[in-house]
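1. Here's a sequence, model it:
(one chain, ligands or ions: 3)
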Amino acid sequence: MSDRKSEDTKMNDPGRRKFLETTALAGLAGTSFGLAGCMKSDPASSNGSAQAGPGTAAGGQTQYEVPPGKLDDYYLISSGGHSGEVRIYGCPSGRTIKRIPVFNIDPMVGWGITNESKAIMGTLPDGQLKYWTGDTHHVHGSYTDGNYDGEYFWVNDKLHGRVARIRGDTFETDKITELPNIQGQHGLFTDKRDPVNPDINHTTRVFAGAEFHIPLPNDGRDFDSPDKYGCLFSCLDANTMEVRWQCQVDGNMDLVATSYDGKYAASNQYNTENGVHYEEMMSAEHDACVFFDIARIEAAVAAGNFITIGDSKVPVVDGRKSANPDPRTALTCYVPVPKNPHGVNASPDGKYFVCSGKLSPTCSVIDLSLVEKWFAGELGDPRNTVVAEPNLGLGPLHTGFDGRGNAYTTLFLDSKIVKWNVDAAIAEFAGDKDAKVIVDSVDVHYQPGHGYTSMGETKNPDGKFFNSGNKFSKDRFLPVGPLHVETEQLIDISGEKMALIHDHTAYPEPHDAIIVSANLIKTRQVYDLDEFPDATKSEQDSGIERNGNRVHIRLVSRAPAYSLREFTVKKGDIVTITLTNLDKVEDLTHGFGIPKYNISFIVNPQETKSVTFTADKPGVYWCYCTHFCHALHLEMRSRMIVQE
Ligand code: CUK
Ligand code: CUA
Ligand code: CA
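-> Ligands and ions are numbered 1, 2, ... in the order given. Below you'll find the predicted structure:
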């Protein structure tokens, strides 16, 4: 990775020098950079393997260059907002590595086009997709013992109230669940331990907080009586993806955090006023962070203390304040925090949740041991769980942690990241006027939303990088018309001072992401033919089967040919094409496009996929390989003849 010689080159590049001077020089002061001009070393002798983990340069700053041919140290797994997808970037390079279609149609992969992906996305009785839009905000992974285990990742769809699961071995979506009785499914987090059986130290639940309150059921009744609207917190089974239960709350919910001991999930609430218009939603000085006692909720469900709503069979327990007057039996605890708070994040030491004030310049630090005391009936006012409320700057939204006791909060209005010390903030709150809460701050460009640290949402944060997901980028990139790209800015947090190390673009619009050590993810590069019951195992097995007007074409691909040079169907036939890629070589993907039939998809090595369509246009259609695979890629075709 970084070595003295390349640092030398950077320092002699006027553009780079300016960049360093204006943004990062403070963070580099005192390092060997000033002497770089007279030092040389052999690049081959430096730490060339990014896989080995970032090294630390003299002066404490992390090395971050990823030269050609080297791999990143981390997967940065990011939501894609209203693109409906999830993206994977390399970190620290910022290279885009994959776009995973989830709730959206993707003609490159064929997501939303193949029968298999449509079955996951959900179809109406006529076979059309139920939804092909989505809005992803929060990606979180499965945990074992407080650390990512790389098995699964989940993401929310705010638009249609869904949760999707992505396999960690293929980075493909494998299940999508639509939640009943809610709208605006926003916050999402996995659990990290079972609250009832602590021996289960891996993820078995996924929690989802709904942002909008709606009539229950939402079938046309009560639309003019917002006091009758309700908002539910949902728990899904991580394995089956079925909804286990829902809990009704006062107010609505924004983000979700979970405790490392599995006892609590919490969600910040910006609209405890239950307002319908924004003026109403910001009328109160305090909103809340609502805590859910998971074991108690599941005991209530087991005891039959629930209702169901409308057509849904999901048990709904009552977590509203009026139904939970006694803390010793309460399902929920509402901790007052100022004002329209935005994010809530769990500190990696397992002790605190930090709720960002958004309209208040503060972050509220909530001590989980005091939340436990409250639920035991020993604390009285839930506000007593707040042990710090440092004044950080304007528009605090989200907070990451470095594992050394520091927190990093995005300030949306100030366009800054502020680094602050949690223990100092607690001391200050307790009356210590000398406490040095704010350690450092750095400008970002511009208006950061989420910020998150490398491995910062695990028990093992490494304190190396903080990524700021900025919402505005005017002047930062070549102008490309009215729509601007978003800026992702990587900050080295390994030293006392933060150092902004580079910008990369992100197509609108990422919200949250996680930065996962590369060594925790084990992907497969080739499928197994046997995973697909409908696979065609050889050229000899391919062919045409007709059953009335239903025609099944079995095709295989093996570079540079499909097994059938042509196939003939009749106008009006309902045609299914099942394509198996018999190539076993890693990276040897083929595509299949049919002109005028709106069909395009790929098959990865040893994969089988199918499409179904009505052959309603007579003529000759050259089905061709869309994915560059071979010197004879252009020649890789099959002729579909549709007879009148
Ligand atoms: S939200 Cu977008 S910046 Cu949906 Cu997590 Cu805060
Ligand atoms: Cu097969 Cu291109
Ligand atoms: Ca409010």
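2. Near ligand 3, which residues of the protein are found?
-> 281, 287, 340 (Cβ under 5 Å from the ion). (C-beta placed from N, C-alpha, C; glycine too.)
3. Which of the three states applies to the last one?
-> Here Asn340 takes the coil state, with states given by DSSP: H, G, I helix; E, B strand; the rest coil.
4. cool, the second one as well?
-> The three-state assignment at Asp287 reads strand, by three-state DSSP.
5. Quick check: the gap between Cys623 and Gly127.
-> 21 Å (Cβ to Cβ, to the nearest Å).
6. These two - which one has more neighbours?
-> Cys623 (25 against 9; other Cβ atoms under 10 Å).
7. how many neighbours does the closest residue to ligand 3 within the stretch 301-450 of the chain have?
-> When distances are taken as Cβ to the ion, the stretch 301-450 of the chain reaches nearest to ligand 3 at Asn340, 4.4 Å away. Asn340: 22 surrounding residues under other Cβ under 10 Å.
8. per-residue confidence at it?
-> Looking at Asn340, its pLDDT is 92.
9. wait, it sits on Glu280?
-> No - taking Cβ atoms under 8 Å as the definition, Asn340 is not a contact partner of Glu280, at 11.4 Å.
10. Specify the local secondary structure of the closest residue to Asp367 other than its chain neighbours.
-> Leaving aside its chain neighbours, Asp367 sits nearest to Val387 (4.6 Å; criterion: Cβ to Cβ, 6 or more residues apart in numbering). At Val387 the chain is in strand, as set by three-state DSSP.
11. Now Cys355: which helix or strand?
-> strand 352-356 (DSSP states H and E).
12. when you scan that strand, is anything in it near ligand 1?
-> No - Strand 352-356 stays clear of ligand 1 (Cβ under 6 Å from any ligand atom), getting no nearer than 8.8 Å.
13. just checking, what packs against that strand?
-> strand 264-269, strand 344-346, strand 363-367, strand 396-401, strand 406-411 (3 or more Cβ pairs under 8 Å, 6 or more residues apart in numbering; DSSP states H and E).
14. Straight-line length of stretch 561-579, end to end?
-> One end of stretch 561-579 to the other measures 12 Å (Cα to Cα, to the nearest Å).
15. Kindly report the same for stretch 307-318.
-> 9 Å.
16. Show residues contacting that stretch.
-> With contact meaning Cβ atoms under 8 Å, 6 or more residues apart in numbering, stretch 307-318 is reached by 180-181, 216-219, 232, 234, 243-248, 297, 300-301, 305-306, 324, 331.
17. Buried members of the residues you listed into ChimeraX, please.
-> Listed next is the ChimeraX selection for buried residues among the contacts of stretch 307-318, using 16 or more other Cβ atoms under 10 Å:
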select :180,181,216,217,218,232,234,243,244,245,246,247,248,297,300,301,306,324,331
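18. Among the contacts of stretch 307-318, which are located in helices?
-> Applying DSSP state H to the contacts of stretch 307-318, the entries found in helices are 297, 300-301.
19. Dump those residues into CSV; add pLDDT and distance to ligand 1 as well.
-> Compiled in CSV, these are given as follows (pLDDT from 0 to 100; distance: Cβ to the nearest ligand atom, whole Å):
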residue, pLDDT, distance to ligand 1
Ile297, 98, 24
Ala300, 98, 29
Val301, 98, 28
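20. that older thread, could I get the helices and strands packed on strand 352-356 as JSON lines with mean neighbour count?
-> Formatted as JSON lines, the helices and strands packed on strand 352-356 follow (neighbours: other Cβ atoms under 10 Å):
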{"stretch": "strand 264-269", "mean neighbour count": "29"}
{"stretch": "strand 344-346", "mean neighbour count": "27"}
{"stretch": "strand 363-367", "mean neighbour count": "26"}
{"stretch": "strand 396-401", "mean neighbour count": "28"}
{"stretch": "strand 406-411", "mean neighbour count": "26"}
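21. Rebuild those as JSON lines, extending it with distance to Ser473 and mean pLDDT.
-> Conversion of the helices and strands packed on strand 352-356 to JSON lines gives the following (distance: least, Cβ to Cβ, whole Å; pLDDT from 0 to 100):
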{"stretch": "strand 264-269", "distance to Ser473": "27", "mean pLDDT": "97"}
{"stretch": "strand 344-346", "distance to Ser473": "25", "mean pLDDT": "98"}
{"stretch": "strand 363-367", "distance to Ser473": "26", "mean pLDDT": "98"}
{"stretch": "strand 396-401", "distance to Ser473": "17", "mean pLDDT": "98"}
{"stretch": "strand 406-411", "distance to Ser473": "15", "mean pLDDT": "98"}
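22. now those in a markdown table, with distance to Tyr562?
-> Putting these into a markdown table (distance: least, Cβ to Cβ, whole Å) gives the following:
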| stretch | distance to Tyr562 |
| --- | --- |
| strand 264-269 | 50 |
| strand 344-346 | 51 |
| strand 363-367 | 59 |
| strand 396-401 | 49 |
| strand 406-411 | 51 |
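23. Show me the one of the ones you listed that comes nearest ligand 1.
-> Between ligand 1 and the helices and strands packed on strand 352-356, the shortest separation by Cβ to the nearest ligand atom is 5.3 Å, and it involves strand 396-401.
24. partners of that closest one, with directions?
-> strand 406-411 (antiparallel) (DSSP bridges).
25. so the partner strand versus strand 363-367, what angle?
-> If you take axes from the mean of the first three to the mean of the last three Cα atoms, to 10 degrees, strand 406-411 sits at 140 degrees to strand 363-367.
26. Tell me what angle strand 406-411 forms with strand 352-356.
-> Using the same axes, to 10 degrees, strand 406-411 lies at 20 degrees relative to strand 352-356.
27. Please shift the residue numbers so they start at 399 in all later answers.
-> Got it, first residue is 399 now, which makes that one strand 804-809.
28. ok, the next helix or strand after strand 804-809 near ligand 1 or not?
-> Later in the chain than strand 804-809, the nearest helix or strand by DSSP H and E is strand 814-819. No - residues of strand 814-819 are not located near ligand 1 by Cβ under 6 Å from any ligand atom, the shortest gap being 13.6 Å.
29. So what are the sheet partners of strand 814-819 and their directions?
-> strand 804-809 (antiparallel), strand 836-841 (antiparallel).
30. just checking, what packs against the helix or strand just after that strand?
-> Next along the chain after strand 814-819, taking DSSP H and E as the criterion, comes helix 820-827. Helices and strands touching helix 820-827, by 3+ Cβ pairs under 8 Å, 6+ apart, are strand 761-765, strand 784-786.
31. most centrally placed residue in this protein?
-> Val537 (2.0 Å; Cα atoms, centre = their mean).
32. Spell out which parts of the stretch 449-598 of the chain neighbour ligand 1.
-> Contacts of the stretch 449-598 of the chain with ligand 1, taken as Cβ under 6 Å from any ligand atom, map to 535-536, 584.
33. scratch that, the stretch 899-1042 of the chain is what I was asking about
-> 909-910.
34. ok and the residue in the stretch 899-1042 of the chain nearest ligand 1?
-> For the stretch 899-1042 of the chain, Cβ to the nearest ligand atom, closest residue to ligand 1: His909, 3.5 Å.
35. Give me the below-cutoff pLDDT ranges for the stretch 399-548 of the chain.
-> Flagging of the stretch 399-548 of the chain using pLDDT under 70 yields the residue ranges 399-460.
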